[in-house]
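1. Coordinates only, no sequence provided:
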């Protein structure tokens with residue numbers, strides 16, 4: 001939740017300010033905006049709290065095992081992942097102690113948390129399958145993920161605030177590509193719970209609204 005909250009706050013503030021500066025003459029007011037932003041902020045915090053509790057329940061159900069033929073991961077509300085030992089392409093240990101097992105397919109990924117029971121024994125057993133690659137640093141954008149939100153906010157601003165059709169069209173196409181890619185990644189990620197995967201349908205609604213805004217602005221009907 002600590003990581004998600006800054007994204008949510010920036011999204012609410014960004015969306016509210018876009019709506020305020022993009023409103024027609026005589027419509028909207030700063031007091032109304034100051035009422036709407038805190039309201040949406042509270043709703044988002046409540047939603048994030050519920051998501052955190054659900055995630056905690058899912059993590060508590062995490063089970064990892066390794067036998068003569070497979071590494072297996074079982075977890076509530078997520079598809080089981082079974083990777084044959086012969087199809088493991090890499091085993092990577094991150095600075096925080098978490099271990100990532102990668103199969104041949106991009107969707108075959110199993111994570112082992114540093115807090116997992118019998119972690120030492122599992123690490124030793126995995127090292128027998130293949131050498132474990134030790135990562136010594138965390139990539140910049142992984143440490144500062146919130147920075148990834150900045151270009152997205154700029155693209156949204158280009159769609160909702162700009163009047164130049166070239167700016168609107170360019171920002172719209174890029175943002176639709178980013179959202180479409182995100183939707184595809186979420187749907188394919190077998191480490192996400194079913195509820196999160198279903199919630200990704202909202203991305204389609206956002207994409208539809210962007211297409212609508214682009215149509216109105218590019219045809220001069222806005």
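-> That came through fine. Nothing here was measured: the structure is a model prediction, and the numbers come from that model. Numbers count the residues shown, from 1 in each chain.
2. now the helices for the chain?
-> Under the criterion DSSP state H, helices of the chain are mapped to 4-21, 30-60, 119-129, 140-143, 149-160, 165-188, 194-199, 201-218.
3. Any buried residues in the fifth one, and which?
-> Going back to what we said before, that points to helix 149-160. Residues 152-153, 155-160 are the ones in helix 149-160 that count as buried (16 or more other C-beta atoms under 10 Å). To be clear about C-beta, it is placed using only N, CA and C from the backbone, and glycine gets the same treatment.
4. Can you lay out the residues you listed as JSON lines showing pLDDT and distance to residue 107?
-> Output for the buried residues of helix 149-160, formatted as JSON lines (pLDDT from 0 to 100; distance: C-beta to C-beta, whole Å):
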{"residue": "152", "pLDDT": "81", "distance to residue 107": "25"}
{"residue": "153", "pLDDT": "81", "distance to residue 107": "30"}
{"residue": "155", "pLDDT": "85", "distance to residue 107": "28"}
{"residue": "156", "pLDDT": "82", "distance to residue 107": "30"}
{"residue": "157", "pLDDT": "81", "distance to residue 107": "34"}
{"residue": "158", "pLDDT": "84", "distance to residue 107": "33"}
{"residue": "159", "pLDDT": "83", "distance to residue 107": "32"}
{"residue": "160", "pLDDT": "79", "distance to residue 107": "35"}
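5. what's the closest of those residues to residue 105?
-> Using C-beta to C-beta, residue 152 comes nearest to residue 105 of those, at 28.2 Å.
6. do you know how far that closest one is from residue 131?
-> Separation of residue 152 from residue 131 (C-beta to C-beta, to the nearest Å) stands at 38 Å.
7. now do residue 188
-> When distance is defined by C-beta to C-beta, residue 188 is 28 Å away from residue 131.
8. Check residue 214 too.
-> If you measure residue 214 against residue 131 using C-beta to C-beta, the figure is 50 Å.
9. So for these two, which residue has more residues nearby?
-> residue 214 (20 against 10; other C-beta atoms under 10 Å).
10. from memory the more buried one sits against residue 158, does it?
-> No: using C-beta atoms under 8 Å, residue 214 makes no contact with residue 158, being 10.6 Å away.
11. where do the contact lists of those two overlap?
-> Common neighbours of residue 214 and residue 158, using C-beta atoms under 8 Å, 6 or more residues apart in numbering, are 168, 172.
12. which outside residues touch stretch 196-204?
-> 179, 182-183, 186-187, 189.
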